[in-house]
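>>> whatever this is, show me its structure:
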Amino acid sequence: MITAFIKLSGGQEAVKGFADFGLADWRIIIGIGEVCSAILFLIPRTAVAGTLLLSAYMGGAIVTHMQHGLSILGPSIVLVVVWIAAGLRLPELSRTLIQGKA
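Residues are numbered from 1 along each chain as shown. Take a look at the predicted model:
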């Protein structure tokens, strides 16, 4: 969520990065999406939806990094941590993914 606040507060690195990616007009919307996804992930009742939204968000970050020749290590680590946390916190999600039933 720290990166979301940097995006939302207009941190110079975020502003420059989004401009370099051609996404300057989307910085605030992407930051809001990141905050909303993280909040949903932290609330037990909405954690499954938050997991899926954070996965999609980090997938987009990985692809964007790949398109611009940047390292995908950071967003990949975050994605793995999200899924480890989800697996530990949400046994129903793990059960659904492994067995194919809720």
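>>> right, and residue 8 touches residue 31 too?
Yes: using C-beta atoms under 8 Å as the test, residue 8 is close enough to residue 31 to be in contact (4.2 Å). All C-beta atoms are positioned from the backbone trio N, CA, C, and that covers glycine.
>>> who's more crowded, these two?
Taking neighbours as other C-beta atoms under 10 Å, residue 8 and residue 31 compare with residue 31 leading, 21 against 16.
>>> please, which helix or strand holds that one?
Per DSSP states H and E, residue 31 falls inside helix 27-42.
>>> what does that helix contact?
Contact partners of helix 27-42, identified using C-beta atoms under 8 Å, 6 or more residues apart in numbering, comprise 1, 3-5, 7-8, 14-15, 18, 23, 46-47, 49-51, 53-54, 57, 82, 86.
>>> among those, name the ones in helices.
Residues of the contacts of helix 27-42 located in helices (DSSP state H): 3-5, 7-8, 14-15, 18, 47, 49-51, 53-54, 57, 82, 86.
>>> now those residues: which count as buried?
Neighbour counting with 16 or more other C-beta atoms under 10 Å marks 3-4, 7-8, 14, 18, 47, 50-51, 53-54, 57, 82, 86 as buried within these.
>>> tally of neighbours for residue 67?
10.
>>> can you tell me the closest non-neighbouring residue to it?
Distances taken as C-beta to C-beta, 6 or more residues apart in numbering put residue 21 closest to residue 67, at 8.0 Å, once the chain neighbours are dropped.
>>> what does residue 26 give?
Nearest to residue 26 is residue 18, by C-beta to C-beta, 6+ apart, at 7.0 Å.
>>> got a list of what residue 90 touches?
47-48, 51.
>>> pick out whichever of the residues you listed sits closest to residue 62.
Residue 62 has its nearest neighbour among the contacts of residue 90 in residue 51, at 16.2 Å by C-beta to C-beta.
>>> check the closest one and give its pLDDT.
pLDDT, residue 51: 96.
>>> wait, it sits on residue 86?
Yes: between residue 51 and residue 86 there is a contact at 4.3 Å, judged by C-beta under 8 Å.
>>> touching, residue 20 and residue 68? I think so.
Yes: Residue 20 sits in contact with residue 68 when judged by C-beta under 8 Å, with a separation of 7.2 Å.
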